[in-house]
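**Q** Here you go, sequence then predicted model.
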Amino acid sequence: MEAHWQGLIDAFDDQLRLAARSEHTRLAYRRDLTRLAELLADTPPASVDGPQIQRALGLLRRQELSPRTLARMLSTWRSLYDWMLRRDWVAANPCAGLRAPRAGKRLPKVLSVDSAMQLLDSAPEDEHDIRDQAIFELMYSSGLRLSETVALNISDIDLSEALIKVHGKGNRERILPVGKQAVAALRRWLPLRQPADGEEALFLSRRGTRISSRQLARRLDSWALRSGSEQHVHPHMLRHSFASHMLQSSGDLRAVQELLGHANLATTQIYTSLDFQHLAKVYDGAHPRARKKARDEE
């Protein structure tokens, strides 16, 4: 690495250290800046322009680095030049206006309807299982986030009307319907609920205090294994499955958006991709022309 690049990276690292950035963060920045220095070793840092940064990204892309990694590197490079710009060491940031290749949207993992039924229909073995079944039924029934579930208080549930009040992101409140299976599971749990003094949480730990997110996730993982699930089931998968199954059945994107508490419809639209995947599998397995290749191979 040329000395002018090495000195600059060292100075920037000193600035990060003074800003109390973690050692892990500083090492990550140094790695990304060292890669840039290797690619542009013949060019002094202050002379680098936008096309050179773009070519550097292209070279890295041909090395099959992921879009996510390239985006992180570009962000690091931009931070370096922003810092240089504030010190009048450069006239402009050569990374300004550049974008790394977009990462493909990662579709959420969902349970099939049959897998969801298998998971939720497992028979409880003790009072803690009864609580767990009530939690999982409710999360799937109403599409709750993990944080929303553990935050529920006993006053938030109205079993006579089969409704629940949920406090979502941005402190937005929504009233949601509760399915009959979830209502039945909650009716089994409530007589067993033994709260510690002053505890209002709907779902309790063994100590009678509010169950934690980590405890809930561990219980779901254990429950899934016991039910014979072939998938690792995490709490948000129940919410994803709720959204996907509702959309497949109703086709009403706006209604699903309201139920999920999404502020932006675009967030909900990712489930249309899952719905299309389901339809594509049905098509591939049923349409005579889609199955042509399989018949030719017989």
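**A** That came through fine.
**Q** gap between stretch 44-55 and the chain center?
**A** Offset of stretch 44-55 from its chain centre (C-alpha atoms, centre = their mean, to the nearest Å): 35 Å.
**Q** swap that for stretch 140-150, please
**A** 14 Å.
**Q** Stretch 210-222 too?
**A** 17 Å.
**Q** For that stretch, buried residues please.
**A** Within stretch 210-222, the residues scored as buried using 16 or more other C-beta atoms under 10 Å are 210-211, 216, 219-220. For glycine as for every other residue, the C-beta is placed from the backbone atoms N, C-alpha and C.
**Q** got any ranges where the protein has weak pLDDT?
**A** Scanning the chain for pLDDT under 70 picks out 1-3, 103-107, 272-298.
**Q** now the helices for the stretch 151-298 of the chain?
**A** Ranges of helices in the stretch 151-298 of the chain, per DSSP state H, counting those that start in this stretch, are 180-189, 213-226, 235-250, 253-260, 265-268, 270-286, 292-297.
**Q** Pick the most deeply packed of those helices.
**A** Compared across these, helix 235-250 shows the largest average neighbour count, a mean of 20 (mean count of other C-beta atoms under 10 Å).
**Q** neighbouring contacts of it?
**A** Here helix 235-250 makes contact (C-beta atoms under 8 Å, 6 or more residues apart in numbering) with 108-111, 113, 116, 136, 139-146, 149, 213, 216-217, 220, 231, 252-253, 255-256, 259-260, 268, 271-272, 274-275, 278.
**Q** Repeat the analysis, applying 7 Å as the threshold.
**A** The contact list for helix 235-250 (C-beta atoms under 7 Å, 6 or more residues apart in numbering) reads 108-111, 113, 116, 136, 139-140, 143-146, 216-217, 220, 253, 256, 259-260, 271-272, 274-275, 278.
**Q** hmm, back to that, could you provide the helices of the stretch 151-298 of the chain in CSV, with additional columns for distance to residue 62?
**A** What follows is those, written out as CSV (distance: least, C-beta to C-beta, whole Å):
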stretch, distance to residue 62
helix 180-189, 52
helix 213-226, 40
helix 235-250, 35
helix 253-260, 39
helix 265-268, 32
helix 270-286, 28
helix 292-297, 33
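**Q** Nearest approach to residue 129 belongs to which of the ones you listed?
**A** Checking the helices of the stretch 151-298 of the chain against residue 129 by C-beta to C-beta gives helix 213-226 as the closest, at 7.7 Å.
**Q** For that closest one, enumerate the helices and strands it packs against.
**A** Contacts defined by 3 or more C-beta pairs under 7 Å, 6 or more residues apart in numbering; DSSP states H and E place helix 213-226 against helix 127-142, helix 146-150, helix 235-250.
**Q** CSV please, covering the ones you listed and showing distance to residue 11.
**A** Below are the helices and strands packed on helix 213-226 laid out as CSV (distance: least, C-beta to C-beta, whole Å):
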stretch, distance to residue 11
helix 127-142, 50
helix 146-150, 41
helix 235-250, 42
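**Q** can you tell which of those is closest to residue 59?
**A** Here helix 235-250 is closest among those (C-beta to C-beta), at 37.0 Å.
**Q** Centre of the chain to that closest one, how far?
**A** With C-alpha atoms, centre = their mean, you get 15 Å for helix 235-250.
**Q** How about stretch 257-265?
**A** Taking C-alpha atoms, centre = their mean, one finds stretch 257-265 lying 16 Å from the centre of the chain it belongs to.
**Q** that older thread, and the helices and strands packed on helix 213-226: which comes nearest residue 83?
**A** Using C-beta to C-beta, the helices and strands packed on helix 213-226 put helix 146-150 closest to residue 83, at 35.8 Å.
**Q** Tell me the buried residues in that closest one?
**A** Applying 16+ other C-beta under 10 Å to helix 146-150 flags 146, 148-150 as buried.
**Q** Perfect, that will be all.
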